[in-house]
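S.K.: coords please:
(2 chains)
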Amino acid sequence: MKKTALVIDLDRCIGCYSCEVACKNENNVALGVQYNKVFTMGPTGKFPNLEMYYLPAMCQSCKDAPCVAVCPTGASYVAKDGVILIDSKKCIACLSCISACPYGARKFNEEAKYVEKCHMCEHLLEAGDKPACVKACCAKARIVGDVNDPNSEVSKKIANAGKNAHSLPDEGNHPATRYILHPKTAKWQNRKSWTFFQSK
Amino acid sequence: MKTVVIDPRFTADASKADVWLPIRPGTDVALGLTWIRYIIANKLYDADFVKRWSNLPFLVNTKTKMIIKGNELFKGADDKTFVVWDKKTNSAKPLPFPYDDNLEPALEGTFTVNGIQCKPGFQLLKERAEPWTLEKGGKECWLNPKSIEKAIKIYTKDTPSSVALGVATDQTPNSAQAAQMSAVLNILMGNFEKPGVMLQRYEDKGVGGVLRTSKLKGFLSEKQLNKRLGSKEHKGMLHWWIAQPTAILDAMTTGKPYKMKAWLERSGNKLGTVANAGAWVKGMSNLELIVHMYMYPTSFSAYADYLLPVTEWLETDFITASFNQMFARQATTHLYETVNEAWIWARIAKRCGELGHENCKRSFVKANTAPESPYFDTYEHQLDEWTSFFGMTWKEYKAKCPFEYIPMNRFRRYYVYKETDPKTGKVKGFNTPTGKVEGYMESLIVLGRTGKPFTTFPQSPASKDYDPLPYYMTPSENPYNSVGKKFPLVMTNGRLPFWHHTTLRNIPYLREIKPYAEIWVNPMDAKKYGVSQGDWVWVESARGKIQAKALVTEGMAKGVVYMERFWNPETLNSATHGWREMNVNVLSKQTAPFNDICGTYTLRGYQVKISKASGAPKGIWQKPEQFEPWMPKVSEPTKTVEL
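M.R.: Sure thing, here's the model as predicted:
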């Protein structure tokens, strides 16, 4: 089964925010809402021996997505290519999925009264194109593809990185997104829990 | 590839570098001299290149500081022959271009030729750098000597290597010497036209000349040229054919040496970029006419008599080159009623001509302006003029683009200086009077005395000769002098990746990323001055006072603070006009000392103090939703008006 996910090379990411803005432009995302947000990790250490990297955060494309499991109406579902989507027409704004997502990657759209999040620019994927953030990445740090296909670019990238391919904490939800970060750039920072986007 | 980042703040580049040198702002030339000393002392330089391809072996008269010409000592020597001290014969010998393999030119030593004391340029360079040991450099620049040494080793041993100067050094009074120091480093390492170095000579077949703006230097009379403000002292500015900013400000403020009448401005928010913005606003009140042409109103517009809405650059067609190919930049969707500014300038020139201004009249006739471009009645004709270089109209050109104007293997080839010039039968060398790369810049002495090669008329000398070698200027405001006692912290500046100059502060998707100006402060300084993470603080210099939000970070050296330049379009219609709240250039220093050659003032490396403020400046927007009024909205199409 296909599982489309992002692999982000943090050794290459320069924290320019192009992905964040490209996402908003492409998807007409409201002010104050991000599907994709770049966090600065650090600097850590003591001056002048410091480390820092940037962490672009978005839906982690879980293989066992709790947001889908808890959705009472089937609004949250997994598309054929493995992308987790929300059918806004079926969303009853119960917000269960927001509580279920371990990364806080979902946000309630106050105006339209439904939950939204990164959908990997599904409309572009369907047209054989790539997500806006991938296309806008001037450092070529973001790649997209099928992590279940061992011959895909993403799978090769993950395999090459070995233990330097990281994921955010896995609580049984099996995030498919991988971050490549070698110790030469910085040490990967583990956090017990993540909340990307503060609720209003 | 290995990298060294020299920057007071821990940037993305610094985080990926092999060595980060968090330098004290304004001391870059001291660091450069430290590198030069180390490279010479440890013989890490490319001696063969220095001897064959630089002017550093040439003997310099220590009294006049001028390089001894071959024909001063040797009859019949041509103008590319200079004098070296030959170690084999222990005597002065003529060195014709390109080289004489029978000679062994001395790089170091002091010699007497015909009773005149002289030294090779290399020796003078060595003497200049001599005081700058790793320890002294470390002390001056607030760096660990071991880190400096590690960086030099990367630069010299992981060759070929390059120095990329950002604008940081351009924004201090030591600006020109920083560029000189970088050139000297390249010369010492022979980093010219090798694969992998930055200094390459591309064959552009004159395309670069086509794309250049017309200066029409010949149109300016001697009398007018001599009135150019600040250009007697700072003759390097004649290269760009401009006046010195502070000299303009002084004339505006005092009416001396003559009264300024009008300001036609064609950039965004000048008040966000000039040093000591407050002084400029005062000076502007003495003007009779201020015109602002821009895409949208900025702080500067608040003081203008006329606003002329012009297109953004991406809203215009333009001929452009990249590597060996030509491209047609074609206008994006054009918003609102604006015109290309080229059209406005042409209209002004046209009208002045009609009113009797002879040069304005002449500027529309190609025969008068050739080889530069004349003014045209329409921008379409201007485009046709540019593309006529390729024998095409703009329409034909854009249909053909992109096209190669030269094959890649002829555009980029290495070691051009070693190629044979078919005209002379000799190797080409470099495009300098000596044919060599000039580490000892005698040309600066000539520039300071005469204005050559940039001037169109002989100029009277600057009050002091320019120095042919890079020298270090201690920042005039610094933590060790009286200003530093009152204002203990050194301010630096620098870009954020998503903003360009003073543009884009009114783009909601960008302002929600960074809604306010931040001031980066080391935790020890934050503690010392009672500032915590996220506090609003006052930032004050001898010139003014602004606010910023504290980002307390280890990524900033102790004693240094950093701010990005900022202004607030949301308060444009208030008493501040958006430039007084968080604009770091309210604080920067427009007064002397200036760079001798280029007249540069101090935008970085001056002194400030910080203290906790009770809250944010009045009226500024901080929450993402507040930027909603700036979101694009669907509107009725506007009519095209024919003028």
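
S.K.: for chain A, which residue gets nearest to chain B?
M.R.: In chain A, the residue that lies nearest chain B is A:G32 (3.6 Å; Cβ to the nearest Cβ). The way it works is simple: take the backbone N, C-alpha and C, and place the C-beta from them, glycine included.

S.K.: check which helix or strand that residue maps to.
M.R.: Element membership for A:G32 (DSSP states H and E) is empty, with no helix or strand holding it.

S.K.: same question for the one 10 residues further on.
M.R.: When elements are defined using DSSP H and E, A:G42 is found to belong to strand A:37-46.

S.K.: what about the chain, any weak spots by pLDDT?
M.R.: Assuming you mean chain A. For chain A, applying pLDDT under 70 flags the ranges A:197-200.

S.K.: nope, chain B
M.R.: Looking at chain B by pLDDT under 70, you get B:642-643.

S.K.: which parts of it belong to which domain?
M.R.: For chain B, automatic domain parsing gives the domain ranges B:4-189, B:208-404, B:482-629.

S.K.: end to end, how far does the longest one reach?
M.R.: It stands for domain B:208-404. 14 Å (Cα to Cα, to the nearest Å).

S.K.: is any part of it close to chain A?
M.R.: No - using Cβ under 8 Å from any Cβ of the partner chain, we find that domain B:208-404 stays clear of chain A, coming within 13.6 Å at best.

S.K.: for that domain, the distance to its chain's centre please.
M.R.: 18 Å (Cα atoms, centre = their mean, to the nearest Å).

S.K.: re the thing from before, so how far is B:E625 from the residue of chain A closest to chain B?
M.R.: Counting by Cβ to Cβ, to the nearest Å, the gap from A:G32 to B:E625 is 5 Å.

S.K.: more crowded one of the two?
M.R.: A:G32 (17 against 13; other Cβ atoms under 10 Å in any protein chain shown).

S.K.: mind checking how far the nearest residue to that one once chain neighbours are set aside is from A:N36?
M.R.: Closest residue in space to A:G32, ignoring its immediate chain neighbours: B:P624 at 3.6 Å, by Cβ to Cβ, 6 or more residues apart in numbering or on different chains. Taking Cβ to Cβ as the measure, B:P624 falls 15 Å from A:N36.

S.K.: which residue is nearest the middle of the chain?
M.R.: I went with chain A, as the question did not name one. Central residue of chain A (Cα atoms, centre = their mean): A:M58, 2.8 Å from the mean position.

S.K.: you answered for a different chain; I wanted chain B.
M.R.: B:D170 (4.9 Å).

S.K.: what's the local residue count around the closest residue to it other than its chain neighbours?
M.R.: Computed as Cβ to Cβ, 6+ apart, the closest residue to B:D170 that is not its neighbour in sequence is B:T600, at 6.8 Å. Per other Cβ under 10 Å, the neighbour tally for B:T600 reads 26.

S.K.: list the contacts for B:T600?
M.R.: Shown in contact with B:T600 (Cβ atoms under 8 Å, 6 or more residues apart in numbering or on different chains): B:170-173, B:175-176, B:594.

S.K.: neighbouring contacts of stretch A:26-33?
M.R.: A:23, A:35, A:107, A:109, A:111, A:116, A:119, A:121, A:124, A:131-132, A:197, A:200, B:508-509, B:512, B:623-625, B:627-628, B:631.

S.K.: neighbours of B:T110, how many?
M.R.: If we define neighbours as other Cβ under 10 Å, then B:T110 has 13 of them.

S.K.: touching, it and B:K126? I think so.
M.R.: No - the pair B:T110 / B:K126 is not scored as a contact, 11.3 Å apart, by Cβ atoms under 8 Å.

S.K.: ok, back up a step: gap between the residue nearest to the centre of chain A and A:K130?
M.R.: A:M58 is 14 Å from A:K130, by Cβ to Cβ.

S.K.: ok, the residue nearest to B:T298 when sequence neighbours are not counted - contacts?
M.R.: Distances taken as Cβ to Cβ, 6+ apart put B:N269 closest to B:T298, at 3.8 Å, once the chain neighbours are dropped. Neighbouring residues of B:N269 by Cβ under 8 Å, 6+ apart: B:298-300, B:502, B:567, B:578-579.

S.K.: quick check, nearest of the residues you listed to B:R52?
M.R.: For the contacts of B:N269, the residue nearest B:R52 by Cβ to Cβ is B:T502; the value is 46.8 Å.

S.K.: only C-alpha atoms, please: export the strand holding A:G42 in CSV.
M.R.: This file holds the C-alpha atoms of strand A:37-46, laid out as CSV (Å, rounded to 0.1, in the frame of the first residue of the first chain):
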residue,chain,number,x,y,z
LYS,A,37,5.5,25.9,10.5
VAL,A,38,9.3,26.3,10.8
PHE,A,39,10.7,26.0,14.3
THR,A,40,14.2,27.1,15.3
MET,A,41,15.7,24.4,17.5
GLY,A,42,18.3,26.1,19.6
PRO,A,43,20.8,27.5,19.7
THR,A,44,21.8,25.0,22.4
GLY,A,45,25.1,24.9,24.2
LYS,A,46,27.2,27.8,25.6
